[in-house]
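A.B. asks: Show me the folded form of this:
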Amino acid sequence: MNRQHYTRTSGMNIVKRYLWFSQASLIICLVICYLMLPSVIDNNGGASNFGDGFPTVIPYTLGFALSALLLWAAASKLSEMEQKLRKTPALVATIGVLDLLVLLTTFDRKVNHLYYLVHDYLGVTLFAYEFALSVWIVYKTKSFATALFLLVGSIGSLIGLLSLVGPLRLLFAGQMIGGIGFGLVLTVGLPSAVAALS
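C.D. replies: Numbers count the residues shown, from 1 in each chain. Got it, this is the predicted structure:
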């Protein structure tokens, strides 16, 4: 095994850890929020409701902030590895930026309707971006597992959308299913997509 291969493998293992921790921290913190305030499900509320007050605002903020920081760390490590990776670090860093914007707009979203819409559209943008990135990863990896995870994420997004427009009342469940599906595409599929580019 030559030194370049060892360095790339070692670097990718670090990226994988950052990606897993980023997704796990967000999901675990949102589950903690739900356990603290299960009435959000009864009221067809989304994850943003956990940012409205104490004590759920603490794990809610921690989950999104940790996710963003760890995604930026993964992007930074990717950018150190090889020029062949082209725009992949920026693709990962963008998720972190959107996570942070969703977090920051949570707290003022009830000030007026404009802030509320900005927050909602950022949430939709995050899910749309995650979906597009997932499709790219599935295309690059041509993996059954990542395609299956994309299907799970898409079903979750559809449940969330139908909950927003009326027929269903499962917004938080849809967000969680969509987030888990996307998180699995990212953590399992992105390293393979990067290997295909190298």
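A.B. asks: All the helices of the chain, in order from the start?
C.D. replies: For the chain, the helices defined by DSSP state H cover 3-36, 39-42, 57-81, 88-106, 113-141, 144-165, 171-184, 190-197.
A.B. asks: so which of those helices gets nearest Ser48?
C.D. replies: With CB to CB, the closest approach to Ser48 among the helices of the chain belongs to helix 88-106: 5.0 Å. For glycine as for every other residue, the C-beta is placed from the backbone atoms N, C-alpha and C.
A.B. asks: Now do the closest one against helix 3-36, angle only.
C.D. replies: 20 degrees (axes from the mean of the first three to the mean of the last three CA atoms, to 10 degrees).
A.B. asks: now the nearest residue to Tyr18 once chain neighbours are set aside: how far from Asn13?
C.D. replies: By the measure of CB to CB, 6 or more residues apart in numbering, the closest residue to Tyr18 outside its immediate chain neighbours is Ala74, 3.7 Å from it. Look at Ala74 and Asn13: by CB to CB, to the nearest Å, they are 11 Å apart.
A.B. asks: and what of Thr88?
C.D. replies: According to CB to CB, Thr88 and Asn13 sit 16 Å apart.
A.B. asks: The two - which one has more neighbours?
C.D. replies: Taking other CB atoms under 10 Å, Thr88 and Asn13 do not tie; Thr88 has more neighbours (21 against 12).
A.B. asks: I'd like the distance between the more buried one and Lys142.
C.D. replies: Relative to Lys142, Thr88 is positioned 17 Å away (CB to CB).
A.B. asks: So, low pLDDT: which residues of the protein?
C.D. replies: Applying pLDDT under 70 to the chain flags residues 1-8, 82-86, 198.
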